[in-house]
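In: got a structure for you, letters missing:
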């Protein structure tokens, strides 16, 4: 009987280990987009197109807050926002962002995308997160997207989980036209992907713990000398979420001193780093230098005054895993 009991015990232990692995496995998700406020919708559009070389797609202005889009070939995007009248209609998230940003440019909200929204919502609710009900839009008769957020933000910046209908194409006249889809994702600067979002707060470890509780483990300690920051790189599908805090003088300390926790920056992968660098150098009329960053050879565009955050451009490394270049 003893050998049988030993084998049974081994299977029970194996089953418990597998159950534990399933319980702590990362949700099937990736980073989707950030909400980036400008001083006005035309000001931020001009910066993104003329100075940085992105293509900006039209959006809408339903209540005094106009939006436009920078869409990438990997399906991620940056949503540009600008106030267009003195009495705009804000949703709760917009109002909270505007109060924190004090009308200045910048970003405090970003989204995860997943096709498993119901399972993630159920899981987070079971972990006592204050998740909201689901919201749909833009048309209740044929919703193109579905999302939920948090009544109490678990991270230092606001976040939400979102997914899209297969035929949702907000920036195309004819969703069946593959050429339209392709052209809307092509940029003069060669940008192809939103590879990382950088958050800054006074306590990177707190964000790391919350992400691990939410199912996003595997954090790797990292430093970003270009931003004067240190913290962790957390893989989220093919993308990376950096949770950072100031590490001496630099952009991270300046952001915390002037406005508190926020999106400190984003990383954008480009097909030709030299072309992107030449475009930004012409746009800002200054010479820029490259450095070895988290995603390989990179340069930092001088966008903090214009956009309230940094944009790092890096050469795309095929087959490279998120956070593979993280180091301390």
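Out: The structure has been received and is ready for your questions. Just so it is clear, the model here is predicted, and its values are computed rather than measured.

In: Residue ranges in the chain under the pLDDT threshold?
Out: 1-26, 172-175, 328 (pLDDT under 70).

In: hey, where'd the helices end up in it?
Out: 2-24, 41-46, 92-101, 117-126, 178-184, 204-214, 251-258, 273-284, 304-307 (DSSP state H).

In: Redo those helices as JSON lines? Include mean neighbour count.
Out: In this view, the C-beta of every residue, glycine as well, is placed from N, C-alpha and C. Formatted as JSON lines, the helices of the chain follow (neighbours: other C-beta atoms under 10 Å):
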{"stretch": "helix 2-24", "mean neighbour count": "9"}
{"stretch": "helix 41-46", "mean neighbour count": "18"}
{"stretch": "helix 92-101", "mean neighbour count": "16"}
{"stretch": "helix 117-126", "mean neighbour count": "15"}
{"stretch": "helix 178-184", "mean neighbour count": "12"}
{"stretch": "helix 204-214", "mean neighbour count": "19"}
{"stretch": "helix 251-258", "mean neighbour count": "18"}
{"stretch": "helix 273-284", "mean neighbour count": "18"}
{"stretch": "helix 304-307", "mean neighbour count": "18"}
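
In: Let me have those helices in a markdown table, adding distance to residue 233 as columns.
Out: What follows is these, written out as a markdown table (distance: least, C-beta to C-beta, whole Å):
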| stretch | distance to residue 233 |
| --- | --- |
| helix 2-24 | 18 |
| helix 41-46 | 28 |
| helix 92-101 | 25 |
| helix 117-126 | 22 |
| helix 178-184 | 30 |
| helix 204-214 | 10 |
| helix 251-258 | 15 |
| helix 273-284 | 20 |
| helix 304-307 | 21 |
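
In: any idea how far residue 56 is from the closest residue to residue 44 other than its chain neighbours?
Out: Nearest residue to residue 44, sequence neighbours excluded (C-beta to C-beta, 6 or more residues apart in numbering): residue 38, at 2.5 Å. Per C-beta to C-beta, to the nearest Å, residue 38 is found 11 Å from residue 56.

In: Who has more neighbours out of these two?
Out: residue 38 (24 against 20; other C-beta atoms under 10 Å).

In: my guess is that one contacts residue 83, does it?
Out: No: Residue 38 lies out of contact with residue 83 (C-beta atoms under 8 Å); the separation is 9.1 Å.

In: residues bridging contact with residue 38 and residue 56, i.e. touching both?
Out: 45, 80 (C-beta atoms under 8 Å, 6 or more residues apart in numbering).

In: give the contact list for the residue nearest to residue 44.
Out: Here residue 38 is in contact with 44, 45, 47, 80, 81, 82, 105, 307 (C-beta under 8 Å, 6+ apart).

In: Which members of these are the farthest-apart pair?
Out: 47 and 81 (13.3 Å; C-beta to C-beta).

In: And the two? Which one has more around it.
Out: For residue 47 versus residue 81, the count of surrounding residues by other C-beta under 10 Å is larger for residue 47: 24 against 21.

In: Report the contact partners of the more buried one.
Out: For residue 47, counting by C-beta under 8 Å, 6+ apart, the contacting residues are 38, 303, 306, 307.

In: could you redo the last one with a cut-off of 6 Å?
Out: residue 306 (C-beta atoms under 6 Å, 6 or more residues apart in numbering).

In: start the count at 29, not 1, going forward
Out: Sure thing, new numbering starts at 29, so read that last one as residue 75.

In: measure it to residue 290 for me?
Out: According to C-beta to C-beta, residue 75 stands 18 Å off from residue 290.

In: go on, residue 272?
Out: Taken as C-beta to C-beta, the span from residue 272 to residue 290 is 11 Å.

In: Next: residue 70.
Out: Distance from residue 70 to residue 290, by C-beta to C-beta: 23 Å.

In: and if you look at residue 90?
Out: For residue 90, the distance to residue 290 - C-beta to C-beta - is 25 Å.

In: Likewise for residue 186?
Out: 10 Å.

In: overlap in contacts of these two?
Out: Joint contacts of residue 186 and residue 290 (C-beta under 6 Å, 6+ apart) are residue 136.
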